[in-house]
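> This is a predicted model, with the sequence first.
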Amino acid sequence: MSETLQRLVGQLRAVVVKEIRQTTQDRRMIFLLTVAPFLQLLLFGFAIDLDVDQVPTAVVDLDHTPESRETIAGMLADGTLAHVATPPSVPDAERLLEDGTVAVVLVLPEGYGRDLARGVPTQAQVLVDGTDPTRANVAGGAASGYLGLEGLRLAQAQIAARLPEGRTLPSVVVRPRLFYNPTQSTPIYMVPGIAGMLLLIITTIVVSMGLAREREMGTLEAVRVTPLPTPVLMVGKIAPFVVVGLFDVTLAITAGAWIFDVPIRGSLLLFYGITALYLLTTVGVGLFVSTVSQTQQQAFLGGFIFVLPAMLLSGTMTPIHAMPAWMQPLTALNPLRFYMEAVRAILLKGATFTEVRVQAAALLVYGLAIMALATSRFRKRVS
Amino acid sequence: MSTDGVAIRAVGLRRAFADVQALAGIDVQVRRGEIYGLVGPDGAGKTTTIRILAGLVDADAGDVSVLGHRPDDGAVREQVGLMPQRYALYGDLSVGENLDFFRQLYCLPWREASPRIERLLELTRLKRFVDRRADDLSGGMYKKLALACALLHQPAVLLLDEPTNGVDPVSRRELWELLGTFVGQGMAVLVSTPYMDEAERCHRVGLLFEGRMLAEGAPGRLVRELDHPVYVVEGSDRARVTRALTGVAGVRAMSPAGARVRLVVTPDGTPEVARALATVDATLRPVRADFEDVFLARVGADDAAGRAA
């Protein structure tokens, strides 16, 4: 090893050791870097349940016939709606809807069974609380879907009764089969997203605050008059937190696999490769934020200005196609979006490099661009 | 390194921050084995000068060379030690860890550095506190640790920005004695201070005021060559004396000296001042000038010249 290289390695080790010493001395910091992300994973995994079922439902049966009871039983059968109240009248049911006891009211009017038996049009009413749009959509859809099918079935039965022997009516049966997440479990969808968010928060905010802290404390200047080259200082300060970030990601997918049955179908090597490309960006943003911040407080808030929209506009929480049309192209500027797509593809679908090459290229381009910008700004700020 | 023994040479240094002219063209020269004191009030430009010499800030104009190189030259970094005015150590690391960190930044092998660290810890009397966090040290001990870190690589040039600011009198004396030890070995030391009494501990001083060098030389010579007589006013209370002397042109500077008033008077102002004091039954008693009088006389003369212009 040449003497210069030996010197650089020695200096790098000094900065890394110093960084580790400073971090491990602070128990709260250790907790925030290791235990807290794990707790967040559990919290998100268990608490963020986007599946809509067991929606509290009030049933107002004004008909009291076998037909009305059969309809009600049929509507409740798949578990989307849960029968929790049986108010005597529609105004009573509306009161329950208003005070939040129920989110759906089914009303079967008097004469419902009689009309059905006669074969004349009849009505059933569904009242839905629309404050939670997702729940309203699913619950309303379940109720009207069932009633629609039920109407069709009755009509078909009447027509079929008049058909000559041996003839049937044409019909299409839809049998959806879900791939990759067949039980439609939210954690399987969320855990890769949470891994990306943890990495984003830890590397971006910790890196930006770490450098801002050196500036605030005056130590940056004391180090600058030594022969330590600026890039060595940067790498030494960043490297420990990249390792922490990778540890947290490993923790997230391991816990995800054990606790939430998140599959790991693709190559782990590819997963870590994509993660490394993603880290270029998150660390680069952290570095950039530190060059525009004088204090740790500014660095923290500056980091959040990036982290928050990056998370919300990545498709982790809400699908990109559900965003306003003008906003959807903007998500192409969001590195987290590409990381999320790639990681979900690798873990859930077992995607190979060819299938995630677009995402990998995007991460590489963004990573190199922000790194170049941040490094040049950092060096300019320092000298 | 130049052959004439000059370690620091700065000529015509100018530097402005926004619309404040921090340095308006100053010259500084420090030789090996010399303590040069940059003396002046807050805002005189002392820190800016030191930061330029350390390569932390560029001058707008002027030539700077440290050991014959530009101050931001990598070769110079190995030869220069800086003790900044503000905190410059890792407060959450111990005394020993701070020293070891800086040892590694200077790429000093442990075998070579270890006896040096021992000696510095002994000289600074920090040995007992080697495991204490830097943040938990007293002001004086903290400064001594900063000095030890700056001395670790045995620099040929040492820059100290107000090293005794916020330090108790005992530690102050110790710090100066430490400096004396190292200068004896040929180090060039440039130290800034707002304390006039510390100027007398330097081989040469530069009086810096509003970015200009008002005077430069050995402190003893500057005191001897002072052409302003210095007096203590006897025979009346301070308030009456102050009133009687307000607006008298012969008074260059007036400062409290215990219950009395100390005066620096213009070279030919003594009769006028004596007349003004007679109205309050007070008289002038000549006293020996000290360095502070030199400073007050120079600043007062500078002010008067500024008003005349």
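In hand now; what should we look at?

> mind checking pLDDT for B:V64?
On the pLDDT scale, B:V64 is placed at 93.

> secondary structure element for it?
Per DSSP states H and E, B:V64 falls inside strand B:61-66.

> buried residues in that strand?
B:G62, B:V64, B:S65, B:V66 (16 or more other C-beta atoms under 10 Å in any protein chain shown). C-beta coordinates here come from the backbone N, C-alpha and C atoms, glycine included.

> Report the beta-bridge partners for the last one.
What it means is B:V66. When bridges are called by DSSP bridges, B:V66 pairs up with B:I8, B:H69.

> Verify the contact between it and B:L53 for me.
Yes - using C-beta atoms under 8 Å, B:V66 is in contact with B:L53, at 6.2 Å.

> any common contacting residues for the two?
Residues touching both B:V66 and B:L53 by C-beta atoms under 8 Å, 6 or more residues apart in numbering or on different chains: B:I8.

> Near chain B, which residues of the stretch 151-300 of chain A? Just list them.
Residues of the stretch 151-300 of chain A lying close to chain B by C-beta under 8 Å from any C-beta of the partner chain are A:M217, A:G218, A:T219, A:E221, A:A222, A:V223, A:R224, A:V225, A:T226, A:P227, A:L228.

> ranges for the helices of the stretch 151-300 of chain B?
For the stretch 151-300 of chain B, the helices defined by DSSP state H, counting those that start in this stretch cover B:169-183, B:196-199, B:219-224, B:238-245, B:270-278, B:291-308.

> Tabulate the CA atom coordinates of the lengthiest strand in chain A in PDB.
The longest strand of chain A (DSSP state E) is strand A:55-61. Coordinates of the C-alpha atoms in strand A:55-61 are reproduced here as PDB (Å, rounded to 0.1, in the frame of the first residue of the first chain):
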ATOM      1  CA  VAL A  55     -68.000  -2.100   8.400                       C
ATOM      2  CA  PRO A  56     -70.600  -1.500  11.200                       C
ATOM      3  CA  THR A  57     -74.000  -1.700   9.600                       C
ATOM      4  CA  ALA A  58     -77.600  -1.000  10.800                       C
ATOM      5  CA  VAL A  59     -80.400  -3.000   9.200                       C
ATOM      6  CA  VAL A  60     -83.900  -1.600   9.000                       C
ATOM      7  CA  ASP A  61     -86.200  -4.400   7.800                       C
END
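
> what mean pLDDT does it have?
Averaged over strand A:55-61, pLDDT sits at 90.

> cool, and stretch B:205-224?
pLDDT averaged over stretch B:205-224 gives 92.

> Straight-line length of it, end to end?
One end of stretch B:205-224 sits 14 Å from the other (C-alpha to C-alpha, to the nearest Å).

> cool, and stretch B:124-131?
Chord length of stretch B:124-131, first to last residue, is 15 Å (C-alpha to C-alpha).

> buried sites along that stretch?
For stretch B:124-131, burial by neighbour count (16+ other C-beta under 10 Å) applies to B:T124, B:L126, B:F129.

> Can you name the residues that contact the closest residue to the last one other than its chain neighbours?
Closest residue in space to B:F129, ignoring its immediate chain neighbours: B:V95 at 5.4 Å, by C-beta to C-beta, 6 or more residues apart in numbering or on different chains. The neighbours of B:V95, taking C-beta under 8 Å, 6+ apart as the test, are B:L121, B:L126, B:F129, B:V130, B:D131, B:R132, B:A134, B:L137, B:L145.

> so of the residues you listed, which ones are in helices?
Per DSSP state H, helices hold the following members of those: B:L121, B:L145.

> Which single one of the contacts of B:V95 is nearest to chain A?
In terms of C-beta to the nearest C-beta, no member of the contacts of B:V95 lies closer to chain A than B:A134, at 10.3 Å.

> ok, for residue 292, nearest residue in space, not its chain neighbours?
Looking at chain A here, since you left the chain open. A:G302 (6.4 Å).

> wrong one, I was asking about chain B
In space, B:E292 is closest to B:M196, 4.0 Å off (C-beta to C-beta, 6+ apart).

> Confirm for me that that neighbour is in contact with B:G40.
No - with contact taken as C-beta under 8 Å, B:M196 and B:G40 are classed as non-touching, separated by 9.8 Å.

> Among the two, which residue is more densely surrounded?
With neighbours defined as other C-beta atoms under 10 Å in any protein chain shown, B:M196 and B:G40 compare such that B:G40 has more, 27 against 21.

> Read off the pLDDT value for that one.
Listed pLDDT for B:G40 reads 89.

> now do A:M29
On pLDDT, A:M29 comes in at 81.

> A:R21 is in contact with that one, correct?
No - assessed by C-beta under 8 Å, A:M29 is found out of contact with A:R21, at 11.5 Å.

> what does the stretch 51-200 of chain B have sitting close to chain A?
So the stretch 51-200 of chain B meets chain A at B:54-56, B:72, B:74, B:77-78, B:80-82, B:84, B:86-93, B:97, B:100-102, B:104-107, B:149 (C-beta under 8 Å from any C-beta).

> In three-state terms, label the spatially most central residue of chain A for me.
The structure's chain A has its C-alpha centroid closest to A:T316; by C-alpha atoms, centre = their mean the separation is 3.1 Å. Secondary structure state of A:T316, per DSSP: H, G, I helix; E, B strand; the rest coil, is coil.

> Could I get the contacting residues of it?
Residues in contact with A:T316, defined by C-beta under 8 Å, 6+ apart, are A:M190, A:G193, A:I194, A:G196, A:M197, A:L336, A:M340.

> The same query, at a cut-off of 7 Å, please.
A:T316 sits next to A:G193, A:G196, A:M197, A:M340 when contact means C-beta atoms under 7 Å, 6 or more residues apart in numbering or on different chains.

> what does B:T266 give?
Residues near B:T266 by C-beta under 7 Å, 6+ apart: B:H228, B:G250, B:R252.

> Kindly report the same for A:L8.
Contacts for A:L8 (C-beta under 7 Å, 6+ apart) come out as A:V232.

> Also the one 5 residues further on?
For A:R13, no contacting residues are found, by C-beta under 7 Å, 6+ apart.

> try 10 Å
A:V232, A:G236, B:Q104 (C-beta atoms under 10 Å, 6 or more residues apart in numbering or on different chains).

> Can you tell me which of those residues is closest to B:V6?
Distance to B:V6 across those (C-beta to C-beta) is lowest for B:Q104, with 31.5 Å.

> Which residue, other than its chain neighbours, is closest to the residue of chain B most remote from its centre?
Most distant from the centre of chain B: B:T279, at 40.5 Å, with distances by C-alpha atoms, centre = their mean. Nearest non-adjacent residue to B:T279, counting by C-beta to C-beta, 6+ apart: B:A244, 5.7 Å away.

> Was I right to think that neighbour contacts B:E272?
No - contact between B:A244 and B:E272 fails when scored by C-beta atoms under 10 Å: they sit 11.8 Å apart.
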